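Sequence plus the predicted model coming up.
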Amino acid sequence: MSNKQKIVIALGGNALQSKNDEPTAEAQLEVVKKTCEHIAEISNSGYEMAIVHGNGPQVGRIVLACETARDVVPPMPFDVCGAMSQGYIGYHLQQSLRYALSKRNRNVPVVTLATQMVVERADPAFKAPTKPIGPFYTEDEASDIAVKKGYVMKEDAGRGWRRLVASPLPRRIVEISAVKKLWNDTIVITCGGGGIPVAENPDGTLEGVAAVIDKDFAAELLAEQVDADILMILTEVEKVAIRFNTPEQKNLSHMSLTEASQYIDEGHFAVGSMLPKVQAAMKFVRYNPEKKAIITSLDKAIDALEGKTGTEITFS
């Protein structure tokens, strides 16, 4: 690997689709094109990078489509649906980013790597689903779905009700050696949707499991293993806030590990929303106290890297 600063970027759902548009492939591609303009600017600033993205809405719709068509074609297992989302989102990103880079006269290969992530079967997450997937519903719609299909439904940060699935912690990136080999001269889109969740059998074989791994924790693990200088988590808000969405909201420019732990204990960060982002950032700087994590919005990414905005999380 070269001496350039290395960054792992975790893209939130708003970087892949707009809440205001129909969730068609065409509409999502238009959002991704705009996203890749920002990513290309980061690359143009001299950073080496890998990109991780979420897949909650996309994998939810793929599962829904499979269930709806089950009388016509056999439904795909949940891990296969995750792999399908990883493939098409990666395709959109690599196509759009390659074009955005070429406009800046940068001939950098961009590759999507189908990535498996090992989780533990005994992870307690399988008994307590927390990861929201699929579209948003009203409370009445969610109640009806819960009764008819047995899904766990929960209100998601004031935005509506969504289905919850297990979100076990990522333990091992199966294709990490390939990521490292590609790193120096290729932008790799990897661990998409947190990675395809697999469990390891006693004989060493891997088997898909029904789960969605949080992409922020997957990005953190990747950042550790490629020795990244910065973990950047891009979301809808410019800065992390305490007392979010209240008259007493306070935006934070910096958090130490101690401060972040205190805010978590006080319940400032929503489960399935800001909480895993903060926890992933904390894990990264705890692993290497000389490094830092940044949480900010997509359109403020460059400014945040220059220290002008965003929330920076450091060891102290």
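Nice, I can see it. Numbering: from 1, shown residues only.

phi, psi of Ile233?
Per-residue torsions, Ile233: phi -110, psi 110 (degrees, to the nearest 10).

Identify the residues contacting Thr35.
By C-beta atoms under 8 Å, 6 or more residues apart in numbering, the contact list for Thr35 reads Leu11, Ala15, Leu16, Leu93, Ser96, Leu298. For every residue, glycine as well, the C-beta is placed using N, CA and C.

hmm, try it at 6 Å
Ala15 (C-beta atoms under 6 Å, 6 or more residues apart in numbering).

Ok, the one 5 residues further on next?
In this structure, Ala40 makes contact with Ala100, Leu101, Arg104, judged by C-beta under 6 Å, 6+ apart.

And those residues, which is closest to Ile242?
Ala100 (35.0 Å; C-beta to C-beta).

could you measure that closest one against Ala125, distance?
36 Å (C-beta to C-beta, to the nearest Å).

who's more crowded, the two?
The neighbour comparison of Ala100 against Ala125 (other C-beta atoms under 10 Å) goes to Ala100, with 22 against 18.

host element of the more buried one?
helix 78-103 (DSSP states H and E).

which strands and helices sit next to that helix?
Helices and strands touching helix 78-103, by 3 or more C-beta pairs under 6 Å, 6 or more residues apart in numbering; DSSP states H and E, are helix 25-44, helix 56-68, strand 110-112, strand 187-189, strand 196-200.

And the helices in the stretch 101-250 of the chain?
In the stretch 101-250 of the chain, the helices defined using DSSP state H, counting those that start in this stretch lie at 139-149, 176-182, 215-225.

Buried residues in the shortest one, which are they?
This points to helix 176-182. Ile176, Val179, Leu182 (16 or more other C-beta atoms under 10 Å).

how about CSV for those, with distance to His38 and pLDDT added?
Below are the buried residues of helix 176-182 laid out as CSV (distance: C-beta to C-beta, whole Å; pLDDT from 0 to 100):
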residue, distance to His38, pLDDT
Ile176, 26, 98
Val179, 22, 98
Leu182, 22, 97
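
Just checking, which helix or strand of the protein averages the lowest pLDDT?
strand 131-137 (a mean of 79; mean pLDDT, DSSP states H and E).

Ile7 - that's part of a helix, no?
No - looking at Ile7 with DSSP: H, G, I helix; E, B strand; the rest coil, it is strand, so not inside a helix.

residues contacting it?
Ile7 neighbours (C-beta under 6 Å, 6+ apart): Tyr47, Met49, Ala228, Ile230, Met232.

follow-up on the earlier one: now do the helix holding Ala100 and strand 131-137, the angle between them.
Orientation check (axes from the mean of the first three to the mean of the last three C-alpha atoms, to 10 degrees): helix 78-103 against strand 131-137 gives 80 degrees.

looking at the helices of the stretch 101-250 of the chain, which is buried most?
Of all the helices of the stretch 101-250 of the chain, helix 215-225 has the most neighbours on average by mean count of other C-beta atoms under 10 Å, namely a mean of 26.

Show me the contact partners of that one.
Against helix 215-225 from outside (C-beta under 6 Å, 6+ apart): 8, 10, 52, 54, 170, 176, 191, 194-195, 231, 233, 276-277, 280, 283-284, 287.

can I assume Val52 sits in a helix?
No - per three-state DSSP, Val52 lies outside any helix segment and is strand.

I figured it hits Gly12, correct?
No - between Val52 and Gly12 there is no contact under C-beta atoms under 6 Å: 10.5 Å.

List buried residues within the contacts of helix 215-225.
Using 16+ other C-beta under 10 Å as the threshold, 8, 10, 52, 54, 170, 176, 191, 194-195, 231, 233, 276-277, 280, 283-284 are the buried ones among those.

And the furthest pair within these?
Across those (C-beta to C-beta), the longest gap, 22.2 Å, separates Ile176 and Lys277.

now this structure, which segments are flagged as low pLDDT?
In the predicted model, the chain carries pLDDT under 70 at residues 1-3.

ends of stretch 50-62, how far apart?
This stretch, stretch 50-62, spans 25 Å end to end (C-alpha to C-alpha, to the nearest Å).

Give me the contacts around that stretch.
With C-beta under 6 Å, 6+ apart as the criterion, stretch 50-62 contacts 8-11, 13, 81-82, 84-85, 89, 132-134, 188-193, 215, 218-219.

contacting residues around Thr296?
Residues in contact with Thr296, defined by C-beta under 6 Å, 6+ apart, are Glu238, Ala304, Gly310.
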